[in-house]
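[1] when you get a sec, could you give me coordinates for this:
(2 chains)
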Amino acid sequence: MSMGECLVNTETKAFQPKIVAFLCNWCSYAGADLAGVGRFQYPATIRTIRVPCSGRINPLYILKAMANGADGVLISGCHPGDCHYMSGNYVARRKFALIDSLLKHVGLEEGRVSFSWVSAAEGVRFAEVVKGVTERVTALGPNKGVFKVEDGGGTND
Amino acid sequence: MSQSKVGAVLIVGAGIAGIQSALDLAESGYLVHLVEESSAIGGTMPMLDKTFPTNDCSMCILSPKLVECGRHLNIRIYTNSQVTKTEGEAGNFKITIKQKARFIDTEKCTGCGSCAAVCPVKVNDEFNQGIGKRKAVFKQYSQAFPNAYAIDEKNCLFQKHGQIKGKDVCKKCVEACQAGAIDHAMEDKEINIEVGSMILNPGFKVFDASKLDYYGYGKIKSVVTSLEFERLLSASGPFDGHLVRPFDQKEPQKIAWIQCVGSRNAKIDKNYCSGVCCMYAIKEAVIAKEHSHIPVDTTIFYMDMRTHGKDFEKYYESAKNQHGVKFVRSRIYEVTEATDGSGDSVIRYSTEDGKISTEQYDLVVLSVGIEPGDSSKELAKILDLKVNKFGFAELEPLSGVNTSREGIFAAGAFSGPRDIPETVMQASAAAGAVASLLSEERGTLVSEKEYPAEMQVAGDVIRTGVFICHCGVNIGSIVDVPAVVAYAQTLPTVVYATEKIYACSQDAQASIKAIISEQKLNRVVVSSCSPRTHEPLFQETLKEAGLNAHLFDMANIRDQCSWVHMKEPELATEKAKDLTKLAIIRASMQIPVQPIFMDMNHAALVIGGGVAGMTSALSLADQGYEVHLLEKAEVLGGVARRFSTGFRGEDMKAFVADLISNVNKHPKIKLHIGAEIKEVGGFLGSFTTTLVDGEQIEHGVAIITIGGQEYKPKEYFYGQDDRVKTQLELDEALVGHDSKVSAAQNFVFIQCVGSRCEENPYCSRACCTKSVKLALKVKAKNPEANVFILYRDMRTYGYFEEDYELARRSGVIFVRFSENDKPVVTKEGETLVVSVKDHVLDRPLEIEADVICLAAAIIAPEDGKKLSKWFKVPLNDEGFFLEAHMKLRPVDFSTDGVFMAGLAHSPKNTEEVIAQAKAAAGRAGVALSKEMVESAGLNAFVDKRKCTACGTCEAVCSAKAVSVDLVNRVAVVNDALCKGCGACASSCRCGAINLRGCTNEQIAAMLNSF
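    Modelled structure (predicted):
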């Protein structure tokens, strides 16, 4: 069973998007933990991939996620200036500025891919971010297949 | 002193102080005996909801330390125990410990709670401050170590009654316990140990508010203490973090805090400030607002707002301005019960202008002060230690941690009220002091943990075992755990999947180990809580089972699933399945990663030769390490050379001269005077610091103690009229018998000059006390002098409150002003006139001043930026160095091997500087005690065949760990420098560079599963 199948069931339920969330270990993942500790509720739409730093995220991962049917992508790192590795989030910010314009260029709807900064102390904010992303992606509806899987899974890079 | 010393230490009290000193010492080669009175380690911290000023969850930051301490091979923990007798002297003490019967074998108990479920006796739950009940067989809190229940013999039916008519009374717990852990015949034990030194941190208790009946505590149900309120806020508290009044479960909409309950009260012999209550009240108000789903109106009634710690002032300002917490400067007359039958409380109070008002609140929280615990007093008696008049242990002047007896040290609230970072600092300082005392005995009594040889898994068929945790009801009540197990069993590589009630419990570790061997697992996945707190625990289990620690992954189905999707159990179950699948994919593609070991240079570099630097240098040198002490100026001593007396009347000139002479004659200290740094390279274990004169210093660790600066006021004619002086200048003038000062009649002190303002939005902490001390000095010399202190809040925290009171009684006049209405100094002819609006009289006041003393701020060091760049360590917005964690790592930088102490960290007084300097030396000593430097090895690696030597990786690497080898035209990673962020891997244009533990292939496979 692929992950895409289990939730997009338009006959019985309202559309429940599936969103890949890349969270940096030191801030946003910790912020997500804190949301849990505080029991700040948010929709069960994200599937988290923990990375050491937002700077670890290759822009190709976003395309790959979309190609595999994810309805949206959320990327979250430390606030500017707070990076555990000094400047990884600046590396991320530069990459995302570029990929953002590429995504627009190829016709991906605005709101499918979101970037945010959540610190280890911002549990409420994390919940709010997920709520916001979920609302935007839900409004856009299921992934329309701008990126397609050509060979059953794309490249391995 | 005794000749043959013992390389073991007794630590009394297992709160955060005891845990920190135990870990520091056990990690640096000493055997630790940790004695705790209650049935679990942790102390007060687990009771707190959040911690200020970061709002971190208290339990969450503590729990990794609990686990680490609990399973440390060289820490022996004695719970339910007390020290009853001691003999001997520094270096060699004989200790008798009495361990009360627990009636439960901690080795056998799995912490499952079946016993408590059947126990018929309900008693007030002390951990929850009496709100809610616990059973007579109980565990203090769910993450407690030992993870085992205990029977409270005072309440257990069988323990009380034994047999009636030949039949056992109750004993239901014995039937319920499947582990056979309960033994009602267990007896108290006496344990004798030998140690070389002791650290005492028995903690504190809070003031019993019912002693002051005008607050209504104990009579009015809607009056609670601040510690009770912590439990009301806490997710693990009696109402699961749902903020309600305990007696009617109504959600309070209007809450008041009353400050200084049992503090700053000479009438009840509590004439000291507890120092922490202002901050915790603000935090509780902010969290209450955040927590509640309805708007909550919060008011804090206070005398002086004392937010003098690092970043506290900003927290106060944001509570006021962003969160809308109201602050009312007032005196409380009484709290009475509302007559409308609502159960509310009514506070009658007068504001500063003398106006009397009453106001009704749903809930009133009393900010209760800190006082010595009963066991602290007893301990001081057993050990024959000096105590002060309040019953706290009296420390030797300017020692930070020394009690009145050699070889016995103190940390935390044993010697007076202090907050968590100060407690942790003292704990590390005490550990450092012990390490100095017992340096020859390091490593004599400790053993090293041995692991079975690592199984070779390369090329083997992947066999993944999956353990899904219920976490009691935390996961299991929302997520359908059996369904997740069934799903996991269908996934590729999975050969075994099962569920666990608590995957982190001791028995679960044993069972996981057994299953690894039975099922020949070579990959393990645990779906439970956060890897940030629990990954090390499971990795340790893997190592014990002979698997490489990295053949593992965790799915966080609690913090990031069941806890945040409580109303959507089906969706939560689906998410838990997906998260488990992602973890299985990542783990199945994981390969063994070996830690990297590098040589450790056992020398230290201390930068800055003031009191902090000299103290750190001496402590490290006494621990047996070579120290390079570097001072930019031509003389040692720093700003302390300008002090005449310390805050407890110490002769500072003699103290500093002593320090300098000790530093000069210490064979292990090499001085570099008048030396400036040119550049710094390297990392923990092998730094190279080059001086401007070309000399190179090789060192394994560095301590930054470069001090601060006195703010040079731009205001109040400073620098234009020599009658306007800073505190340091007035001190010098008083000591030097300056005739102008001796002849002066009117002295005006102006506080907060350059502090608590836009430019420096922090409190300089030491200046209120300094002004009071100077005012008293002036009064002592000339009782007829008119002395005015113009202030915003008098922040004479701790015992300095007594000086404040003495100053008032000596006739020093205190006039408060507000930030928006600062005093104005004008010159009429040659006369200096200070105008200030008196808040009590609401009238302007004009004082002709002969001397004006400005409490000039302590500002950040000049060279902070340079050192920040050289050592890659951060500064905060105000230019002070930023520690790795505000609460629990107050002297560490997040960069390994670099530490800080003194004013460079934040403003503080000399005594506090000394404690911090010893703490930095203690922490540095832990690092230096290691033979080798170990890192996990989750680093970047290069596929040479793909690399085109373009240099992108080199450009993005902030750790300077990647460089292009221009000869071989390939990027090379320096494993010692690589921090494993992966920025290079995501930037590589040809996919040549990758990250262990988080490879492109792993992420791609995870994404392909969508």
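[2] phi first, then psi, for the residue positioned nearest the centre of chain A.
    In chain A, the C-alpha nearest the mean C-alpha coordinate belongs to A:L74, at 1.7 Å (C-alpha atoms, centre = their mean). Note on A:L74: backbone dihedrals following degrees, to the nearest 10 are phi -120, psi 130.
[3] just give the number of residues close to B:A959.
    22 (other C-beta atoms under 10 Å in any protein chain shown). C-beta: built from backbone N, CA, C; applies to glycine.
[4] hang on, the earlier thing: and the residue nearest to the centre of chain A, what pLDDT?
    In the prediction, the pLDDT value recorded for A:L74 is 97.
[5] list the contacts for B:Q916?
    By C-beta atoms under 8 Å, 6 or more residues apart in numbering or on different chains, B:Q916 lies in contact with B:400, B:425, B:429, B:612, B:890-891, B:901-902, B:905, B:908.
[6] ok, back up a step: hmm, the residue nearest to the centre of chain A is touching A:W117, no?
    No. Taking C-beta atoms under 8 Å as the contact criterion, A:L74 and A:W117 are not neighbours in contact, 11.8 Å apart.
[7] what's the nearest residue to the residue in the stretch 451-600 of chain B that chain A sits nearest to if we skip its chain neighbours?
    Ranking the residues of the stretch 451-600 of chain B by distance to chain A (C-beta to the nearest C-beta) places B:D559 first, at 3.1 Å. Computed as C-beta to C-beta, 6 or more residues apart in numbering or on different chains, the closest residue to B:D559 that is not its neighbour in sequence is A:G36, at 3.1 Å.
[8] wait, is the one you found part of a helix?
    Yes. Counting by DSSP: H, G, I helix; E, B strand; the rest coil, one finds A:G36 located in a helix.
[9] what is the burial count for it?
    The local packing of A:G36 (other C-beta under 10 Å) involves 27 other residues.
[10] so it is in contact with B:I557, correct?
    No. Counting by C-beta under 8 Å, A:G36 stays clear of B:I557, with 10.1 Å between them.
[11] show me where chain A has its strands.
    Here chain A has its strands, by DSSP state E, at A:19-24, A:46-51, A:72-77, A:113-117.
[12] adjacent strands (with direction) for the first one?
    On the basis of DSSP bridges, the sheet neighbours of strand A:19-24 come out as strand A:46-51 (parallel), strand A:72-77 (parallel).
[13] relative to strand A:113-117, how tilted is that strand?
    Here strand A:19-24 points in a direction 30 degrees away from that of strand A:113-117 (axes from the mean of the first three to the mean of the last three C-alpha atoms, to 10 degrees).
[14] give me the number of residues near residue 66?
    Picking chain A for this. The number of residues packed near A:M66 is 26, by other C-beta under 10 Å.
[15] looking at chain B here, not the other one
    The number of residues packed around B:L66, counting by other C-beta under 10 Å, is 23.
[16] look up how far B:P46 lies from it.
    8 Å (C-beta to C-beta, to the nearest Å).
[17] with B:E68 instead?
    15 Å.
[18] same check, this time on B:R641
    Counting by C-beta to C-beta, the gap between B:R641 and B:P46 amounts to 44 Å.
[19] between these two, who's got more neighbours?
    In terms of neighbours (other C-beta under 10 Å), B:P46 is the more surrounded of B:R641 and B:P46; the figures are 23 against 16.
[20] surely B:D892 and B:R923 touch.
    Yes. The pair formed by B:D892 and B:R923 meets the contact definition of C-beta under 8 Å, at 5.9 Å.
[21] helix/strand/coil for the closest residue to B:R331 other than its chain neighbours?
    Of all residues not flanking B:R331 in the chain, B:S350 sits nearest, at 5.2 Å (C-beta to C-beta, 6+ apart). Taken by three-state DSSP, the conformation at B:S350 corresponds to strand.
[22] surely B:S350 meets B:Y333?
    Yes. Between B:S350 and B:Y333 there is a contact under C-beta under 8 Å: 6.9 Å.
[23] what's the overlap in contacts for the two?
    Common neighbours of B:S350 and B:Y333, using C-beta under 8 Å, 6+ apart, are B:I356.
[24] now for A:H105, how many residues are close by?
    The burial count assigned to A:H105 is 8, neighbours taken as other C-beta under 10 Å.
[25] for B:V121, same thing?
    Applying the criterion other C-beta under 10 Å, we find 17 residues in the vicinity of B:V121.
[26] same thing with A:A65?
    In terms of burial, A:A65 registers 29 neighbours under the definition other C-beta under 10 Å.
[27] ok, it - contacts?
    A:20, A:73, B:1007, B:1010.
[28] quick one, phi psi at B:E848?
    Main-chain torsions, B:E848, degrees, to the nearest 10: phi -80, psi 120.
[29] ok, it to B:Q745 distance?
    Between B:E848 and B:Q745 the distance is 9 Å, computed by C-beta to C-beta.
[30] what do you get for B:E37?
    In this structure, B:E37 and B:Q745 are 57 Å apart, going by C-beta to C-beta.
[31] and those two? Which one has more around it.
    More neighbours surround B:E37 than the other of B:E37 and B:Q745, with 20 against 13 (other C-beta under 10 Å).
[32] got phi/psi on the more buried one?
    Reported as degrees, to the nearest 10, the phi and psi values for B:E37 are phi -70, psi -40.
[33] also B:K98?
    Main-chain torsions, B:K98, degrees, to the nearest 10: phi -110, psi 120.
[34] how many neighbouring residues does it have?
    Taking other C-beta under 10 Å as the criterion, the count of residues near B:K98 is 16.
[35] let me know the pLDDT of B:Q506.
    Predicted confidence (pLDDT) at B:Q506: the value is 69.
[36] could you list the low-pLDDT ranges of chain A?
    A:1-13, A:81-82, A:121, A:148-157 (pLDDT under 70).
[37] now the helices for it?
    A:3-7, A:28-37, A:59-67, A:88-105, A:123-140 (DSSP state H).
[38] which of these sits most buried?
    Among the helices of chain A, ranked by average contacts under mean count of other C-beta atoms under 10 Å in any protein chain shown, first place goes to helix A:28-37 (a mean of 28).
[39] for it, packing partners?
    Judged by 3 or more C-beta pairs under 8 Å, 6 or more residues apart in numbering or on different chains; DSSP states H and E, the packing partners of helix A:28-37 are strand A:46-51, strand A:72-77, helix A:123-140, helix B:58-71, helix B:531-544.
[40] residues contacting that helix, please?
    A:23, A:42, A:48, A:50, A:54, A:76-78, A:116-127, B:57, B:60, B:235, B:530, B:532, B:556, B:558-561, B:563-564.
[41] how about the residues of the stretch 251-400 of chain B that lie near chain A?
    With C-beta under 8 Å from any C-beta of the partner chain as the criterion, the stretch 251-400 of chain B comes near chain A at residues B:290-291.
[42] closest residue of the stretch 251-400 of chain B to chain A?
    The shortest separation between the stretch 251-400 of chain B and chain A is 6.5 Å, found at B:E290 (distances taken as C-beta to the nearest C-beta).
[43] ok, that residue - contacts?
    For B:E290, counting by C-beta under 8 Å, 6+ apart, the contacting residues are A:38, A:124.
[44] how about 6 Å then?
    Residues touching B:E290, when contacts are defined by C-beta atoms under 6 Å, 6 or more residues apart in numbering or on different chains, are absent altogether.
[45] name the element it belongs to?
    Counting by DSSP states H and E, the element that carries B:E290 is helix B:277-291.
[46] put the alpha carbons of that helix into PDB.
    Coordinates of each C-alpha in helix B:277-291 appear next as PDB, following Å, rounded to 0.1, in the frame of the first residue of the first chain:
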ATOM      1  CA  CYS B 277       9.500  34.000  42.600                       C
ATOM      2  CA  CYS B 278       9.200  37.100  40.500                       C
ATOM      3  CA  MET B 279      10.300  35.200  37.400                       C
ATOM      4  CA  TYR B 280       8.200  32.100  38.100                       C
ATOM      5  CA  ALA B 281       5.100  34.200  38.700                       C
ATOM      6  CA  ILE B 282       5.600  35.900  35.400                       C
ATOM      7  CA  LYS B 283       6.100  32.600  33.700                       C
ATOM      8  CA  GLU B 284       3.100  31.100  35.300                       C
ATOM      9  CA  ALA B 285       1.000  34.100  34.200                       C
ATOM     10  CA  VAL B 286       2.300  33.800  30.600                       C
ATOM     11  CA  ILE B 287       1.800  30.100  30.500                       C
ATOM     12  CA  ALA B 288      -1.700  30.300  32.000                       C
ATOM     13  CA  LYS B 289      -2.600  32.600  29.200                       C
ATOM     14  CA  GLU B 290      -1.100  30.300  26.600                       C
ATOM     15  CA  HIS B 291      -2.600  27.200  28.100                       C
END
